[in-house]
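Asks: Mind looking at a prediction? Sequence and model below.
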Amino acid sequence: MTTTESKPTSSSPTLFGPVPSQPSFRELEAGVLERWQQEGIFERTQERREGQPEFVFYEGPPTANGRPALHHVLARSFKDLFPRYKVMQGYHVTRKGGWDTHGLPVEISVEKKLGLQGRNHGASRAELEEFNRLCRTSVWETIQEWNTFTERLGYWVDLSDPYITYQNRYVESVWNLLKRLHAQGLVAQDYKVVPLSPRISTTLSKAELGEVDSYRMVDDPSVYVRFPVIWDTLPERAHAALSALGGEDRQGLALVVWTTTPWTLPSNTLAAVNADLTYVVARGAEGGPIIVAADAVERLSGLHKGAAPLEVLASFPGRDLEGVEYEPPFPEVAVELGVLKELHERNADGRPVMHFVTLADFVSAADGSGVAHEAPAYGAEDLELARQYGVPLMFGVDDRGILQVTGERGKFFKDADRGLVADLKARGLMFHAGTLRHRYPFHDRTGDPILYFAKKGWYIRTASMSGRMLETNEAINWVPPGIKHGRFGNWLEGNVDWAISRERYWGTPLPFWMSEDGDLRVVGSVAELSELAGRDLSELDLHRPYIDDVTFELGGKTYRRVPEVLDVWFDSGSMPYAQWGLLTDETGERALPGFEANKTQFERHFPADFICEAIDQTRGWFYSLHAISTMLYDQPAYKNVICLGHIVDETGAKMSKSKGNVVEPLPLFDRYGADSVRWYMFMASDPGDQKRFSERLVAEAQRSYVNTLWNVYSFFVLYANLDRPGLEDAPAVSERPEMDRWLLARLEETVRDVTASLDAYDARSGGRALERFVGELSNWYVRRNRNRFWGEGGQVDLSAYATLHEALLTVSQLTAPFTPFLAESMYGNLTRGQGAQSVHLTRWPQVRPERLDERLTAEMAAVIKVVDLGRAVRGAHNLKTRQPLASATVRAGTPELQGALRRSQTQIMEELNVKAVTFLEGVTDLVEYSLRPNLPVIGKVYGKALPSVRAALAAADAAAVARAVQAGESFTVEAGGQSFELTPDGVLVDAKAPEGVAAAEDAGFLVAFDTALTRELVQEGLARDLVRGIQEARKAAGFEVQDRIRLSLELSGDAREAAEVWRDFIAGEVLAGELTFGPGEGYAAEVEGGTAHLTRI
RNA sequence: ACGGGAGUAGCUCAGCUGGUUAGAGCGCACGCCUGAUAAGCGUGAGGUCGGCGGUUCAAGUCCGCCCUUCCGUACCA
């Protein structure tokens, strides 16, 4: 393939580079890539638009050490489309690449290499140094693959100067953001419940915890424990609810809580009920009355076999119980652990510190008693609740799973259950003790049960920003729109504080330095740190372990860095700022000295006009970008976002290495071309929907669009190079035939539609408009006008050539953002090097309203309709198109379109191969009519009377109504004594051709054929059969289309006769310079009625 | 389990605010066309619109419940 590279010269024998009918897209794309590279086209698209308005695009950084996969093709196709489009629209687009380089995936891959899985490898400084060194290099192991992939797809992004999250400049900028957040009071240290593998006390990531595999069915205790209510301090509301109880009942009254983890009972700090559930006081055979959910009464009654059912004494909503204090099951623990000075200690405002009833939505009566025991140190929901009520944590079990309190102290948590239950029984606090079979997670490697444990960590107070984030979200255009208030909006609404710290090694170190007494100093730049440390740190690697060496004295206290590193999502969410190395003062208003230019760059590129990633980023990058920008700039970080669905395999299963159904992108590009793969990505489904991928669909994308366009292009070049049309001398558009003006009107509509779609970030609609146009171009314009390109006898149809040339050239521009290689190749050749250096440097076509012609396009649509209908009739009645028929009768739905059909009579005759067309006015006996109500019109008018109208229509004289409708007159129908006057638009007239009549009607159009064959018609049909046979033989013989031949026809019977009658016609059609009858020489082929012999002359 | 998508022909997908006989492409069968030709076009078969119930003159479309599947969050007394 050399079409694009070869520069036509004045001495070139052809005007256009030759275009093979079946190109190798792999070679074509390789050629285009090479030219882009050599001529620096991508760079030129940036230079050329310097000083133009900026269209701001953000590259969401892939994790560098992963491998490029099919979903990256999807995202990168879209990420490429809109910037290309905007550049053609005249915008400047900075397309800075970026890499996400920190975090667990990198650590895990290095751990695997070192065989360190699950071990605490940060133990020594030397180990950590080596580990992080390996992380830093391992990040780039697949970089070459990424670069190849990115280039091959045609994704234009500047990979020469990407932002890299581990670089000092980036890290420092992230520090600066954290300092600003801290200045706003948004950074805090708090507890977070994490899954631990006890004994080794290692926090497990979600990946390590596995999905389902690590859950096992186990038998655990299921115990119902009494928490005696303290009557003296009963809040007013509860007092009122319980007022019905007598003195004796008040004595023994207790909440009954349910738990499957008795080992958490010593750490109990709260009980929880659901405000909206009904609770009751109930009395059983033994012990005092109990408080449980009404819906749990039956279940609890069933626990004690043989005992009388519980008797309900009072009932009230759960919210009445808020604040009720109780005796904890292990009262001495709180004081022993030093959490309370004394049991039932109170805050300054008189409220108890702990051990009271709270309200929580998550409590249900579906299991247990409807009263939940809360040990916030060992459960995420519990912790959240404790936070809400400002209650401190109690750690009865340490992070190695060892019980620290009670008579069971020293035991492993799961082993302590039995003793604790026995203790409670002995003290009369056990309402019931049983077992429950349920799922519980285990750590695969150690085999230990997982311990959920509250560890201290660093937070950003995003929960308090939830409202504001929802407001700034309003300004974002989400594609698909449902995400805005659905997935993303819900996420923002239920937003909790952002846990930004990780007890890991390879990450942005938190810039938090603390003194022994807990004073926090957040450092916002290397310069600041240098000053504090009293030495120049500008050359220091900001990662661990080096950064941990930096300490400083302040006010007589020594400050050391906290050990944690930063959540990688904060890294990537910082890219609008950190990609430019933004450093500012705490307010964000002034750049730090020396960083003014960085701030200018940032301001020019904030917020983004467009970002695009897959849907899982709603909780990832979409969120981190949004949260940080809302907190720091009180506005969204992006204005438009396309949220892509995932790609699954043909059967709907997720693609994964273990299933072996992963599709490699590069071989796909080689087989079908990157353009076809891109086209598939844009067109396969709504971008937000999931795509079931199959290679067949890429092949189909190629056939239906890329190949069709290529065929037309190839057709044009083939004949243009024979005819050498002087395109610049073509007649003005208004002087051209209707057919040409029609095509240009459709082209203009296509420009309009594609532009509108892309402006709305709707790639698919734009693609559809293009596909439709290319289809019409190929299947109507070119097919109808083929002979205008044959330039017989030196006559060149400049109008046809100029029209087709312009259509192809404009399509090359419209398709450029979608299929950049094909577009480039076509454009370069069609302009013969006289146009712009690249199609991607051209200006996007403007709509020329004067060329739009709705009347013309509607009329042509009518002609196409009639031809399609006619062909359908021929098909249905086995009347092959090659056989001429005497006449066709046609009718259009409206008088205007009827006029259009008259004007296009010749076209219709040719397409339908008939000798005459007659035009039918009004209703005809050729078809049978039936009537249907036009429901959208009359439904609203008649409503419940509709069934009667239906009946009336069914009973009416269909032909008579049809006549009225045709004439545009109202008519009356009757049924059951009622009569209805209907307007013509109130009824739909259907027509059906009777058996044996070759006719069809659809949407008001009708086509019927006179099927009687005369001897002449049969002869002509035979002649055309012969022509076709000979044409096929020409091709089989390997002749070129313009070759002239010597032809001998050895025929018998009717065929011989027909050939003699149509001799000149046949000779002309097959370019036979000599035509003889009888035996001959050269290539022989079977044709209708005999044999043809062909020789090239 | 909860939240959000999705479920329409063998496959991939359209079907707007409820309204005409539910459509397209691929695949299949049959046929056509051919100076684009290892292309192109037409016709046909193929559908309980995931299921059940409801609202309505009218439901693929609205409501409720259920099932399947994907994504996310969680694993909770």
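Replies: That came through fine.
Asks: Give me the neighbour count for A:His182.
Replies: Close neighbours of A:His182, defined as other Cβ atoms under 10 Å, add up to 20. C-beta coordinates here come from the backbone N, C-alpha and C atoms, glycine included.
Asks: which residues touch it?
Replies: Neighbouring residues of A:His182 by Cβ atoms under 8 Å, 6 or more residues apart in numbering: A:Leu520, A:Val522.
Asks: give me that answer again for 10 Å
Replies: A:Ala188, A:Ile460, A:Pro511, A:Phe512, A:Leu520, A:Arg521, A:Val522, A:Val523, A:Gly524, A:Glu586 (Cβ atoms under 10 Å, 6 or more residues apart in numbering).
Asks: Then A:Val421?
Replies: Counting by Cβ under 10 Å, 6+ apart, A:Val421 makes contact with A:Pro221, A:Val223, A:Val225, A:Pro262, A:Leu265, A:Met430, A:Ala433.
Asks: Closest to A:Leu70 out of the residues you listed?
Replies: Distance to A:Leu70, by Cβ to Cβ, is smallest for A:Pro221 among the contacts of A:Val421, at 48.2 Å.
Asks: Sticking with the closest one, tell me its helix or strand.
Replies: Secondary-structure assignment from DSSP states H and E places A:Pro221 in strand A:215-228.
Asks: Direction included, what does that strand pair against?
Replies: Partners of strand A:215-228 in the sheet, by DSSP bridges, are strand A:254-259 (antiparallel), strand A:430-441 (antiparallel).
Asks: Among those strands, which comes closest to RNA strand B?
Replies: strand A:254-259 (2.6 Å; Cβ to the nearest atom of the strand).
Asks: was I right about A:Val223 contacting A:Thr435?
Replies: Yes. With contacts counted by Cβ atoms under 10 Å, A:Val223 reaches A:Thr435, the gap being 9.3 Å.
Asks: Name the residue in these two with the higher neighbour count.
Replies: A:Val223 (27 against 12).
Asks: Name all residues that make contact with the residue of the stretch 401-550 of chain A found nearest RNA strand B.
Replies: Here the stretch 401-550 of chain A gets closest to RNA strand B at one residue, A:Gly486, 3.9 Å apart by Cβ to the nearest atom of the strand. Contacts for A:Gly486 (Cβ under 10 Å, 6+ apart) come out as A:Trp478, A:Pro480, A:Thr618.
Asks: coming back round to it: mutual contacts of A:Val223 and A:Thr435, please.
Replies: A:Thr260.
Asks: A:Ser515 - nearest residue in space that isn't next to it in sequence?
Replies: Closest residue to A:Ser515 in three dimensions, ignoring its sequence neighbours and counting by Cβ to Cβ, 6 or more residues apart in numbering: A:Lys557, at 3.9 Å.
Asks: Over to A:Arg736?
Replies: A:Ser799 (4.4 Å).
Asks: Equivalent analysis for A:Val663, please.
Replies: Sequence neighbours aside, A:Leu70 is the residue nearest to A:Val663 in space, at 5.0 Å (criterion: Cβ to Cβ, 6+ apart).
Asks: Tell me where the model's unsure across the stretch 51-200 of chain A.
Replies: A:116-123 (pLDDT under 70).
Asks: Could you check how far the residue in it positioned nearest to RNA strand B is from A:Phe453?
Replies: Nearest residue of the stretch 51-200 of chain A to RNA strand B (Cβ to the nearest atom of the strand) works out as A:Val193 at 6.1 Å. Per Cβ to Cβ, to the nearest Å, A:Val193 is found 7 Å from A:Phe453.
Asks: Who has more neighbours out of the two?
Replies: Higher neighbour count among A:Val193 and A:Phe453: A:Phe453, with 23 against 19, using other Cβ under 10 Å.
Asks: pretty sure that one is touching A:Ala377, no?
Replies: Yes. Using Cβ under 10 Å, A:Phe453 makes contact with A:Ala377 at a distance of 6.9 Å.
Asks: Can you check which residues contact both of those two?
Replies: Contact criterion Cβ under 10 Å, 6+ apart; residues shared by A:Phe453 and A:Ala377: A:Tyr191, A:Val193, A:Phe395, A:Val397.
Asks: Now for the residue nearest to A:Val663: which residues touch it?
Replies: Contact analysis of A:Leu70 by Cβ under 10 Å, 6+ apart lists A:646-649, A:655, A:662-665, A:668, A:677, A:681, A:691, A:693.
Asks: Identify all contacting residues around the helix or strand hosting A:Thr358.
Replies: According to DSSP H and E, A:Thr358 maps onto strand A:356-359. With Cβ under 10 Å, 6+ apart as the test, strand A:356-359 has contacts from A:227, A:229-230, A:233, A:235, A:238, A:255, A:269-276, A:279, A:291, A:318-326, A:344, A:371-372, A:374, A:382, A:385-386, A:388-389, A:391.
Asks: Which members of those residues are classed as buried?
Replies: Neighbour counting with 16 or more other Cβ atoms under 10 Å marks A:227, A:229-230, A:233, A:235, A:238, A:255, A:269-275, A:279, A:291, A:318-326, A:344, A:371-372, A:374, A:382, A:385-386, A:389, A:391 as buried within those.
Asks: and RNA strand B, which of those residues reach it?
Replies: Intersecting the buried ones among the contacts of strand A:356-359 with the contacts of RNA strand B gives A:Ala272, A:Ala372 (criterion: Cβ under 7 Å from any atom of the strand).
Asks: what number of residues lie near A:Val937?
Replies: Neighbour tally, A:Val937, other Cβ under 10 Å: 15.
Asks: Beyond the helix or strand encompassing the residue nearest to A:Arg736, next helix or strand please.
Replies: Assigned by DSSP H and E, A:Ser799 falls within helix A:798-814. Following helix A:798-814 in sequence order, the next helix or strand is helix A:820-830 (DSSP H and E).
Asks: hmm, that next one in reach of RNA strand B?
Replies: No. If you take Cβ under 7 Å from any atom of the strand as the test, helix A:820-830 misses RNA strand B, and the best it gets is 13.9 Å.
Asks: what's the angle between that helix and helix A:798-814?
Replies: Counting by axes from the mean of the first three to the mean of the last three Cα atoms, to 10 degrees, helix A:820-830 lies at 150 degrees to helix A:798-814.
Asks: hmm, back to that, now flag whichever of the contacts of A:Gly486 is closest to A:Asp990.
Replies: Taking Cβ to Cβ as the measure, A:Asp990 lies nearest A:Pro480 of the contacts of A:Gly486, at 38.1 Å.
Asks: Not counting residues beside it along the chain, what's closest to that closest one?
Replies: A:Gly688 (3.7 Å).
Asks: Surely that neighbour touches A:Cys643?
Replies: Yes. In this structure A:Gly688 lies within contact range of A:Cys643 using Cβ under 10 Å: 5.8 Å.
Asks: Looking at the two, which is more packed in?
Replies: For A:Gly688 versus A:Cys643, neighbours defined as other Cβ under 10 Å are more numerous around A:Cys643 (24 against 17).
Asks: does any part of the helix or strand where that one lies sit near RNA strand B?
Replies: Taking DSSP H and E as the criterion, A:Cys643 maps to strand A:638-644. No. Strand A:638-644 does not reach RNA strand B (Cβ under 7 Å from any atom of the strand); its nearest approach is 10.0 Å.
Asks: Indicate each strand paired with that strand and its parallel or antiparallel sense.
Replies: Counting by DSSP bridges, strand A:638-644 is paired with strand A:477-479 (parallel), strand A:608-614 (parallel).
Asks: Excluding chain neighbours, what is closest to whatever residue of the stretch 901-1050 of chain A ends up closest to RNA strand B?
Replies: Closest to RNA strand B within the stretch 901-1050 of chain A is A:Gly939: 2.6 Å, counting by Cβ to the nearest atom of the strand. In this structure, A:Gly939 finds its nearest non-sequential neighbour in A:Leu946, 6.4 Å apart by Cβ to Cβ, 6+ apart.
Asks: Report the secondary structure state of that neighbour.
Replies: At A:Leu946 the chain is in helix, as set by DSSP: H, G, I helix; E, B strand; the rest coil.
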